[in-house]
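**Student:** Got a predicted structure plus its sequence, pasted below:
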Amino acid sequence: EAGVTQSPTHLIKTRGQQATLRCSPISGHTSVYWYQQALGLGLQFLLWYDEGEERNRGNFPPRFSGRQFPNYSSELNVNALELEDSALYLCASSSPWTARTNEKLFFGSGTQLSVL
Amino acid sequence: KQEVTQIPAALSVPEGENLVLNCSFTDSAIYNLQWFRQDPGKGLTSLLLIQSSQREQTSGRLNASLDKSSGRSTLYIAASQPGDSATYLCAVGGTASKLTFGTGTRLQVTL
């Protein structure tokens, strides 16, 4: 069974450009999460999508946005890129939300975004 | 606001040693706690998940404990091997499916 897949693995952009990162969850998973791992800052929660809806959002500016498609894959868009957006962006997925306490996340290998 | 701290930040041990990694969190109202492993430039692999009602979980040479009242968790690794070298992350599960991560412990197991 395929795990969580992310593309591209590496992305190089310049300041002010837009970046689009993609994530395909494990088959049968309906929730997708995005995390940012910047150097020295640890993993920070970005966004959570479930059944096509944005359910929760971390403390990031509006230029970080995304969506979830009917097949549960997801896109993260970062507009007006800044140097400090350089980071590893990790996507995770989990099985359908039931008791709200049993989440186990499965992570992809990430997209390394470099902003020059 | 939940804050998660991991001590030590880095650890180097000789092969075969038993070791303990520590994680503390400030808000005891958690749903669960997970320990992950991250290899350089890679994503995360979930090692153990402890629900808030549980005290510990075991998987092979790994044992994780949870003391919610004191806001602490430990990950015990028995008979360490060079293949255990990685960064270990503790993550606390809160409301709306949000995980709050610690900054990790970088473990090096030497021959």
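**Tutor:** Arrived safely. Numbers count the residues shown, from 1 in each chain, chains lettered A, B, ... in the order given.

**Student:** State the pLDDT value of residue 83.
**Tutor:** Looking at chain A here, since you left the chain open. Residue A:83 is assigned a predicted lDDT (pLDDT) of 96.

**Student:** you looked at the wrong chain, it should be chain B
**Tutor:** pLDDT, residue B:83: 95.

**Student:** Can you classify it as helix, strand or coil?
**Tutor:** Of the three states, residue B:83 takes helix under DSSP: H, G, I helix; E, B strand; the rest coil.

**Student:** Let me know the helix or strand that the nearest residue to it once chain neighbours are set aside is in.
**Tutor:** Leaving aside its sequence neighbours, residue B:83 sits nearest to residue B:109 (Cβ to Cβ, 6 or more residues apart in numbering or on different chains; 7.8 Å). Where you see a C-beta, it was placed from the backbone N, CA and C, and this is true even at glycine. Assessed by DSSP states H and E, residue B:109 sits inside strand B:105-110.

**Student:** Spell out which residues belonging to chain A are near chain B, please.
**Tutor:** A:4, A:31, A:33, A:35, A:41-45, A:48, A:50, A:55-56, A:58, A:88, A:90, A:92, A:94, A:97, A:100-110, A:112 (Cβ under 8 Å from any Cβ of the partner chain).

**Student:** Would you list the buried entries among those?
**Tutor:** Taking 16 or more other Cβ atoms under 10 Å in any protein chain shown as the criterion, what is buried in the residues of chain A next to chain B is A:4, A:31, A:33, A:35, A:42-45, A:48, A:50, A:55-56, A:58, A:88, A:90, A:92, A:94, A:103, A:105-110, A:112.

**Student:** which ones among these are found in helices?
**Tutor:** The members of those all map outside helices under DSSP state H.

**Student:** hang on, the earlier thing: so who does the residue nearest to residue B:83 touch?
**Tutor:** B:12-15, B:17, B:80-85 (Cβ atoms under 8 Å, 6 or more residues apart in numbering or on different chains).

**Student:** From chain A, how far out is it?
**Tutor:** 22 Å (Cβ to the nearest Cβ, to the nearest Å).

**Student:** now the helices: where do they sit in chain B?
**Tutor:** Under DSSP H, chain B gives no helices.

**Student:** those strands in it, which residues are they?
**Tutor:** In chain B, the segments counted as strands under DSSP state E are B:4-7, B:10-14, B:19-25, B:32-38, B:44-51, B:56-59, B:62-67, B:72-77, B:86-93, B:99-101, B:105-110.

**Student:** Could you find the closest non-adjacent residue to the residue most central in space within chain A?
**Tutor:** Residue closest to the average C-alpha location in chain A (Cα atoms, centre = their mean): residue A:34, at 2.7 Å. Nearest non-adjacent residue to residue A:34, counting by Cβ to Cβ, 6+ apart: residue A:46, 4.1 Å away.
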